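> Kindly return the folded structure for what I paste below:
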Amino acid sequence: MAHMHFDVAVVGGGMVGATAALGLAKQGKRVAIVEGYRPKPFEHTQDLDIRISAISKSSVDLLEQLGAWPHIQNKRVFPYSGLETWELEKCCTRFEAADLDLALLGYMVENRVLQLGIWEALSEYSNVTFYCPDSLVSIKTNEQGKLLELSSGDALSASLVVGADGANSKVRQIAGIGVTAWDYRQDCMLINVDTDCLDTDVTWQWFTPSGPRSYLPMGEGKGCLVWYDSPQRIKQLAQLNEAELQAEIQRCFPTRVGNVTVKERASFPLKRRHAQHYCKEGVVLVGDAAHTINPLAGQGVNLGFKDVTALLTTLSDSDYSLNNLHQYQQLRKTDNLIMQTAMDVFYVGFSNNLGPVKVLRNVGLKLADSAGPLKHQALKYALGL
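Numbering: from 1, shown residues only. Sure thing, here's the model as predicted:
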């Protein structure tokens with residue numbers, strides 16, 4: 001039976017997968033996207049999505065190069081120019097865009113807005129075919145490369161399969177790629193609020209003995225609170241009504257959060273995963289399919305966009321051989337591991353409430369604030385510059 005053949009089949013049309021597909025289409029490749037859900041249309045009157053990403057300058061640059069950023073920016077984005085982190089108020093580290101002669105550090109953007117904008121850019125390419133709504137059932141090897149069988153009964157072949165189907169990647173499982181993983185024994189609650197907080201372009205994070213409390217500015221009068229705590233505590237918070245949760249926020253967050261009204265909430269466990277390999281013959285992984293990270297520094301999707309940049313460079317000459325895919329793995333695996341490890345060190349360092357350790361980490365934060373070139377270099381690395 002004849003099947004449509006593509007140069008690349010991207011399984012997973014979320015933010016990272018859709019961006020990979022867009023870049024590959026821009027290179028002139030025939031691309032298929034397999035995705036379970038089409039992003040919903042956007043209206044400015046819609047409530048904020050509970051899933052939000054802090055998009056760094058390097059990620060914005062990539063989306064601009066691929067023609068997606070204008071589609072995103074004309075919907076709803078929230079710029080921020082400052083970042084603060086502390087445990088004791090007098091030992092605060094502050095990062096400002098002006099330190100690097102930048103106008104902004106990045107943007108807070110709803111995930112669905114990002115995905116929709118990228119899909120709109122994809123719609124301009126006649127060499128892109130969507131299999132949506134649909135999902136992957138199997139991948140087999142054939143004379144054309146890989147045969148993908150889908151739940152709808154459709155099938156397609158491709159010279160290369162890109163697994164961009166998230167932390168529980170089916171592509172990774174079918175390819176037989178193992179993962180190194182562990183549970184942080186913490187959960188995270190996201191809470192969208194109306195607020196009179198004055199930090200409209202500054203994001204901050206306060207470390208407490210039970211976990212960080214963070215604030216993401218979402219424009220005038222709106223924000224997203226991020227509450228890290230034990231699974232038992234987050235489960236207890238999830239069972240509170242809005243008035244009770246608001247009272248807990250006022251009690252457990254810094255006063256600078258202001259008066260809040262809870263609009264929406266969601267919670268999830270924190271887990272770390274890293275694929276033991278990023279590629280096998282005819283298969284390559286990007287984004288959460290390859291790695292997940294503690295969200296302390298908001299680097300998850302930005303690492304995924306870095307994966308895309310490296311993959312586009314690697315595949316620019318349409319060499320889908322395993323030797324060439326190893327070049328992509330060399331470009332990305334160590335960098336992702338360094339960022340994962342840095343977040344783990346941060347997490348462990350601030351989870352310890354021993355007196356001497358607490359003194360040392362606060363001294364470290366204070367010194368970091370006046371570290372000059374080292375501080376600027378750390379900021380540049382986080383921004384992907």
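> burial count for the residue lying closest to residue 77 once chain neighbours are set aside?
Distance criterion CB to CB, 6 or more residues apart in numbering; nearest residue to residue 77, sequence neighbours excluded, is residue 107 at 4.5 Å. Quick note: C-beta positions are derived from backbone N, CA and C, even for glycine. Residues contacting residue 107 under the criterion other CB atoms under 10 Å number 21.
> In a helix, residue 107, correct?
No. Residue 107 is assigned strand when assessed by DSSP: H, G, I helix; E, B strand; the rest coil, not a helix.
> Who are the contact partners of residue 20?
10, 162, 164, 286, 307-308, 311-312 (CB atoms under 8 Å, 6 or more residues apart in numbering).
> Name whatever forms a beta bridge with residue 227.
residue 189, residue 213 (DSSP bridges).
> Same question for residue 106.
residue 56, residue 80.
> Now do whichever helix in the chain runs longest: which elements does it pack against?
For the chain, the helix that runs over the most residues, judged by DSSP state H, is helix 322-351. When contacts are defined as 3 or more CB pairs under 8 Å, 6 or more residues apart in numbering; DSSP states H and E, helix 322-351 packs onto strand 260-275, strand 279-280, helix 300-314, helix 355-369.
> at 10 Å what do you get?
Identification of packing neighbours for helix 322-351 by 3 or more CB pairs under 10 Å, 6 or more residues apart in numbering; DSSP states H and E yields strand 179-195, strand 260-275, strand 279-280, strand 283-285, strand 291-292, helix 300-314, helix 355-369, helix 373-383.
> tell me the angle of the second one relative to strand 179-195?
Right, strand 260-275. 170 degrees (axes from the mean of the first three to the mean of the last three CA atoms, to 10 degrees).
> if we can go back for a sec, worst mean pLDDT among the helices and strands packed on helix 322-351?
With a mean of 45, helix 355-369 has the lowest mean pLDDT of these.
> what's the burial count for the residue nearest to residue 159 when sequence neighbours are not counted?
Using CB to CB, 6+ apart and skipping residues adjacent in sequence, the residue nearest residue 159 is residue 145, 4.2 Å away. Number of residues near residue 145 (other CB under 10 Å) recorded here: 21.
> Report the beta-bridge partners for residue 145.
Applying DSSP bridges to residue 145 gives these bridge partners: residue 142.
> ok, back up a step: a markdown table for the contacts of residue 20, including distance to residue 155?
Below are the contacts of residue 20 laid out as a markdown table (distance: CB to CB, whole Å):
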| residue | distance to residue 155 |
| --- | --- |
| 10 | 16 |
| 162 | 17 |
| 164 | 20 |
| 286 | 23 |
| 307 | 27 |
| 308 | 26 |
| 311 | 24 |
| 312 | 27 |
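> Below-threshold pLDDT in the stretch 1-150 of the chain: ranges please.
1-2, 91 (pLDDT under 70).
> Which parts of it are strands?
Assignment of strands within the stretch 1-150 of the chain using DSSP state E, counting those that start in this stretch yields the ranges 4-11, 31-34, 52-56, 77-80, 82-86, 92-96, 106-110, 128-131, 136-142, 145-150.
> got the contacts of residue 20 as TSV, with distance to residue 273 and neighbour count columns?
Below are the contacts of residue 20 laid out as TSV (distance: CB to CB, whole Å; neighbours: other CB atoms under 10 Å):
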residue	distance to residue 273	neighbour count
10	20	30
162	18	30
164	15	33
286	14	29
307	14	30
308	19	28
311	19	28
312	24	20
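> domain assignment for the protein?
If you go by automatic domain parsing, the domain ranges for the chain are 4-78+110-181+272-346, 185-270.
> So which of those is nearest residue 96?
For residue 96, the closest of the domains of the chain is domain 185-270, at 8.9 Å, according to CB to CB.
> so how far is that closest one from its chain's centroid?
Distance of domain 185-270 from the chain centroid (CA atoms, centre = their mean, to the nearest Å) equals 19 Å.
> Please apply the same query to stretch 313-321.
The answer for stretch 313-321 is 25 Å, by CA atoms, centre = their mean.
> end to end, how far does it reach?
One end of stretch 313-321 sits 14 Å from the other (CA to CA, to the nearest Å).
> buried stuff in it?
In terms of neighbour count (16 or more other CB atoms under 10 Å), stretch 313-321 has its buried residues at 314-315, 320.
> Please consider this matter closed, and thank you.
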